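Peer 1: with the sequence up front, the predicted model follows.
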Amino acid sequence: MGDRSNIAIIQSKSNNDQVWFYGHWAGESNKSAVQSALARNQRWTDTSYLTRIIWDEFCPSEDHGSETGFGISCTIQDNERKIVVVDIPRQIVFEIDEDQVTAGGKVPSNFVPSESWSFEEYAAKAQSPARA
């Protein structure tokens, strides 16, 4: 039982370097977390800092230090929602289904999303709930 969701953060142009955030009860908050993080308009080109800023928005402070609820990995974890993918080198965000993830649990290196948003466009969704 849960409402599991993931955020994938692509950190290199080769797509080989990916950080995955997992939330057991996070549901659709994976989208709002990325929107809020990007709306801060900070460190968009700094992979380590932007990754941490997204984590701060995704994992509520009351869950810091808990044993369960949220996790960090190099591959997808259990999932029930659209996966939000933050591609830092290309400065875009897109969403994928779990069946679009490789057998190794990553966003494929040759993946071309059918729809994507610039960081600016995805951040604007945080301020415009009707467009979310």
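Peer 2: Looks like it arrived, so ask away. Nothing here was measured: the structure is a model prediction, and the numbers come from that model.

Peer 1: need the contact list for T45.
Peer 2: Neighbour list for T45: I88, Q91 [criterion: C-beta atoms under 8 Å, 6 or more residues apart in numbering]. Any C-beta I mention is one placed from the backbone N, CA and C, and that applies to glycine too.

Peer 1: where's it, which helix or strand?
Peer 2: For T45, there is no host helix or strand (DSSP states H and E).

Peer 1: wait, what's in contact with the residue nearest in space to the middle of the chain?
Peer 2: Centrality entry for the chain: nearest residue to the mean C-alpha point is I7, 2.7 Å, by C-alpha atoms, centre = their mean. With contacts taken as C-beta under 8 Å, 6+ apart, I7 has the following neighbours: W20, F21, N30, A33, V34, I54, F58, I83, V84, V85, V86.

Peer 1: where's the fifth one relative to L50, distance?
Peer 2: Looking back up the chat, that one is V34. Distance of V34 to L50, given as C-beta to C-beta, to the nearest Å: 10 Å.

Peer 1: same thing with D17?
Peer 2: Going from D17 to L50 by C-beta to C-beta gives 13 Å.

Peer 1: which one's more surrounded, these two?
Peer 2: Shown here are D17 and L50; by other C-beta atoms under 10 Å, L50 has more neighbours (21 against 15).

Peer 1: and the more buried one, what does it touch?
Peer 2: I9, A37, Q42, R43, W44, V86, I88.

Peer 1: give me the buried entries from those.
Peer 2: I9, A37, W44, V86, I88 (16 or more other C-beta atoms under 10 Å).

Peer 1: among these, which are located in strands?
Peer 2: The subset of these located in strands under the criterion DSSP state E comprises I9, V86.

Peer 1: surely the residue nearest to the centre of the chain is within a strand?
Peer 2: Yes: residue assignment for I7, taken from DSSP: H, G, I helix; E, B strand; the rest coil, places it within a strand.

Peer 1: for A124, see how far away it is.
Peer 2: On the measure of C-beta to C-beta, I7 and A124 end up 18 Å apart.

Peer 1: many thanks, have a good one.
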